[in-house]
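K.L.:
Compute the structure for the input listed below.
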Amino acid sequence: MTASSTTVEMGNNAAYQNKLMNLVKGRDPLEVLGRTPDVLAKFVTDHDAATLRARPFPGKWTPLEIIGHLVDAEYVYAYRVRMILCEPTPTIHGMDQELWVTGQRYNEREPSELINEFRALRQTTLRFWKTVRPEELNRFGRHAERGEESLGTMLRMHAGHDLSHIDQITRYLAVIQDR
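P.N.:
Modelled structure (predicted):
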């Protein structure tokens, strides 16, 4: 299963980075990150579990699996940015997001449980970002697939990742509800 037909292949590194960062253009990434838990909670409040577990297209993630992926991303970003802040030019390894979503059986989880987990993780993430000094945003690591990424780039990518998946959930719910 894949997150989206619009997901950019990781091999096209500049395009992937630009796609995410362009979604944030003109917005404060910390504000975007701060709003995401409420946006996701509204999806869960406004839709029953069966709708959130429905597959919009064959081979694509469900809205609930996308929320699970955002939980995973929160763990992964948290680890990566701490490595970059604390270690000299660390290597940042990729993850197989398909295996993570499938392996953790997100579609079997209770939607409110995933929202609570995401909200707690995001609060920790926001506290972290507020401690990063402006000059530290230039620190970077070497992503195994995308090359050098600074903390500043990762902050904007993280916010763009949220916006991309919020849009995806919105589109998928529209398809599911039109059935």
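K.L.:
packing partners for the longest helix that the chain contains?
P.N.:
Longest helix in the chain by number of residues (criterion: DSSP state H): helix 151-177. If contacts are counted by 3 or more Cβ pairs under 8 Å, 6 or more residues apart in numbering; DSSP states H and E, helix 151-177 sits against helix 13-24, helix 29-46, helix 49-52, helix 63-86. For every residue, glycine as well, the C-beta is placed using N, CA and C.
K.L.:
So what's the residue count around Leu137?
P.N.:
Per other Cβ atoms under 10 Å, the neighbour tally for Leu137 reads 18.
K.L.:
repeat for Ala14
P.N.:
Applying other Cβ under 10 Å, I find that Ala14 has 10 neighbouring residues.
K.L.:
follow-up on the earlier one: would you single out the least confident of the helices and strands packed on helix 151-177?
P.N.:
Here these differ in mean pLDDT, and the lowest is helix 13-24 at a mean of 90.
K.L.:
got the buried residues for that helix?
P.N.:
Applying a neighbour-count criterion of 16 or more other Cβ atoms under 10 Å, the buried positions in helix 13-24 are 16-17, 19-21, 23-24.
K.L.:
what do you get for stretch 128-140?
P.N.:
Neighbour-count burial for stretch 128-140 [16+ other Cβ under 10 Å]: 129, 132, 137, 139-140.
K.L.:
and what of stretch 30-50?
P.N.:
Neighbour-count burial for stretch 30-50 [16+ other Cβ under 10 Å]: 32-37, 40-41, 43-44, 47.
K.L.:
from memory Ile66 sits against Gln168, does it?
P.N.:
Yes - if you go by Cβ atoms under 8 Å, Ile66 and Gln168 touch, sitting 6.1 Å apart.
K.L.:
Quick one, grab the pLDDT at His143.
P.N.:
89.
K.L.:
Backbone dihedrals for it, please?
P.N.:
phi -70, psi 130 (degrees, to the nearest 10).
K.L.:
Cool, thanks, signing off.
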